[in-house]
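Engineer: just to be clear, the model below is a prediction. Sequence and coordinates:
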Amino acid sequence: MTTVAAKPATKPATMAQALGRALRDSMAEDPSVHVLGEDVGALGGVFRVTDGLAEEFGEDRCTDTPLAEAGILGTAVGMAMYGLRPVVEMQFDAFAYPAFEQLISHVARMRNRTRGAMPMPITVRVPYGGGIGGVEHHSDSSEAYYMATPGLHVVTPATVADAYGLLRASIASDDPVVFLEPKRLYWSKADWNPDAPQAVEPIGRAVVRRPGRSATLITYGPSLPVCLEAAEAARAEGWGLEVVDLRSLVPFDDETVAASVRRTGRAVVVHESGGFGGPGGEIAARVTERCFHHLEAPVLRVAGFDIPYPPPMLEKHHLPGVDRILDAVARLQWEAEN
Amino acid sequence: MTVMEQRGAYRPTPPPAWQPRTDPAPLLPDAEPYRVLGTEAAAKADPGLLRRLYAELVRGRRYNTQATALTKQGRLAVYPSSTGQEACEVAAALALKERDWLFPSYRDTLAVVARGLDPVSALTLLRGDWHTGYDPREHRVAPLCTPLATQLPHAVGLAHAARLKGDDVVALAMVGDGGTSEGDFHEALNFAAVWQAPVVFLVQNNGFAISVPLAKQTAAPSLAHKAVGYGMPGRLVDGNDAAAMHEVLSEAVARAREGGGPTLVEAVTYRMEAHTNADDATRYRRDAEVDAWRDHDPILLLERELTERGLLDDDIRRQVAQDAETMAADLRERMNQDPLLDPMDLFTHVYAEQTSHLREQAAQLRAELAAASEEADASEGETR
């Protein structure tokens, strides 16, 4: 087994670095872990997440594939059938769509259709979401499609530490995981010691990022920093907002979410993807089913508009920002008072 | 300084002369499908192999007629018959070694059975009793695949993985003529050629994709020609000639095993029955066309060869027919028993560890089942 050289933590790490480190540690620990995708080799991925892997582990372990997403995921299925643990990179959210048939018809249901004989330990890394000025087809939030497919886990980190811990857990999982990487947080930094990476979190646990008593903001991925900012701004209004980071959309941590909403009596779900048929509808319904008698106001959703992702010059009007979140919180108060 | 002068000052390396990577001629398929039976090549064929092929063809034909009958009796939800295509099915199974992998489409039940799987478990998908009736790893047979051509990249990935692990394993993937139009077909062939994966692609060109004839499916001279563009050899074979099929597939498998990369084999055959029992073939093809293929039946061709060479007598013929009948009787009897299904299995294999929302739904179903069984007990008590 390859020993990973220790690297002193002299400066804060980015999410992209933590993801890369998670890949490297997983590959070093388990020779069955293989990385494949377009540009993951010499280039190190367009976001440099796979930087250095081909050099360290060879092109057989970190493979530049032909440019064909269905082929990348389809061959990963065969590799998993033979006992490997493929980690697939889909370069951008909207580029993953050609691979949907493989994902839905095979990856998600192979365990089920073979009655447990053939699990699919595949991790599909999908950089997702907007806010980076990307042109068309580079900013989609596609989590609702993945959430609607039984058999898949859907995971999305919002912090540097979680990026590492959750990716390690996803690669180690015997089930397929769609690992959604919030592109606009790739360069977000945090003090993170790569010599002692955070213990691997089990997939499926939400976390309270900030305590509060007035209302709960339920969010994940790219919207977490926005919600934390909104919670800070809300303090001036006298509101104490609790912020729950879901981290995993499937499985869904009903307990943590319901416990929070029972404490606060009010909830707003915040995400970038469209509201209609989006994750927020499911979350609001689950919260209502579990917490109805504790609720002081309807569960509200602050989401992206139900439009194809807008051109970069207009995306600031589309993405849920602090003001839109605070407006929703204000509506919760109004509902409570009148 | 003008732009032209600038350009004059800048002297880039001239582009290298274009050189084709390989001579495409060896990759091109022959103009005519390769045949063995009825030609001089047949004399070289191993008598033992020919007899084995004959027995498998007869058994396969009987399996097809029995399964079709079971559909009519409502014992199978659907059966896509491979009557007329048995030579392709049998050759695909026999060309592989035990350690190799077979990737069948939904019409390839017969290849699965010829590979040695239990005839009943091979029908599990089509019976509606779960989706796969066997452990794919145990038999090295992938689940029968219903979406078109999506199993081809799986075969490539598996073969690639096997080679990376240093295993001497070949994958043979089966697809129909219609499936060659799917994106996954092209992506699989391209990946296989780039990776030089030990894969054999077998296209059974049976003339129709449900009702759409080949002429409306492709403009290529043959489906085997498609191989050239990916950089792999294409072979055109008479799909009703069991000896030719076995020879060509065995060669391709051997080449793959020796590191020679993938091959695309097009078997020219004909689907004698409708697409499935849900299809009316008279709407899109004439009886005369079907009749013409009857004279080119795979069993007939092989029987003629064996008889001419004195390799087939009435005793062998009777024995083979009897074995096939025994298999059919066993299939009939076991398929007429209702499978025992546990509804709670709906939740068993969705995830390695059940998610909380599935646990809740499993509890709901368990309660519904308990209530239904109490109700049944109560009404039974009343009738008593």
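Structural biologist: Thanks, I have the structure now.
Engineer: so how far does stretch A:234-249 reach from one end to the other?
Structural biologist: Across stretch A:234-249, the terminal residues are separated by 26 Å (C-alpha to C-alpha, to the nearest Å).
Engineer: find the nearest non-adjacent residue to A:Glu229, please.
Structural biologist: A:Val322 (5.2 Å; C-beta to C-beta, 6 or more residues apart in numbering or on different chains). Yep, even glycine has a C-beta here, placed from its N, CA and C like the rest.
Engineer: which residues touch the one you found?
Structural biologist: Counting by C-beta atoms under 8 Å, 6 or more residues apart in numbering or on different chains, A:Val322 makes contact with A:Val226, A:Glu229, A:Ala230, A:Ala233.
Engineer: helix or strand for A:Cys227, which one?
Structural biologist: Using DSSP states H and E, A:Cys227 sits in helix A:224-235.
Engineer: give me the distance from that helix to the chain's centre.
Structural biologist: Its chain's C-alpha centre and that of helix A:224-235 lie 19 Å apart, by C-alpha atoms, centre = their mean, to the nearest Å.
Engineer: which residues touch it?
Structural biologist: Helix A:224-235 has contacts (C-beta under 8 Å, 6+ apart) with A:158-159, A:185, A:188, A:209-210, A:212, A:214, A:217, A:219, A:240-243, A:245, A:270, A:320-322, A:325-326, A:329.
Engineer: who in the stretch 151-300 of chain A is up against chain B?
Structural biologist: The stretch 151-300 of chain A has residues A:Gly151, A:His153, A:Ser173, A:Asp174, A:Asp175, A:Gly204, A:Val250, A:Pro251, A:Phe252, A:Asp254, A:Glu255 near chain B, with proximity defined as C-beta under 8 Å from any C-beta of the partner chain.
Engineer: report pLDDT for the second one.
Structural biologist: Put plainly, it is A:His153. In this model, A:His153 is scored at 98, pLDDT.
Engineer: ok, and the closest non-adjacent residue to residue 250?
Structural biologist: Let's take chain A. Nearest to A:Val250 is A:Val154, by C-beta to C-beta, 6+ apart, at 4.4 Å.
Engineer: switch to chain B, that's the one I care about
Structural biologist: B:Ala95 (4.7 Å).
Engineer: number of residues surrounding that neighbour?
Structural biologist: By the criterion of other C-beta atoms under 10 Å in any protein chain shown, B:Ala95 has 24 neighbours.
Engineer: and what of B:Thr65?
Structural biologist: Burial of B:Thr65 is recorded as 15 neighbouring residues (other C-beta under 10 Å).
Engineer: just B:Thr326 next, same as before
Structural biologist: Neighbourhood size, B:Thr326 [other C-beta under 10 Å]: 12.
Engineer: what helix or strand is it on?
Structural biologist: Applying DSSP H and E, one finds B:Thr326 within helix B:314-335.
Engineer: what's the first helix or strand after that helix?
Structural biologist: Using DSSP H and E, the helix or strand that follows helix B:314-335 in sequence is helix B:356-383.
Engineer: so the closest residue to B:Asn277 other than its chain neighbours, which state does it fall into?
Structural biologist: Nearest residue to B:Asn277 in three dimensions, chain neighbours excluded: B:Thr71, at 4.8 Å (C-beta to C-beta, 6+ apart). Under DSSP: H, G, I helix; E, B strand; the rest coil, B:Thr71 falls in the helix class.
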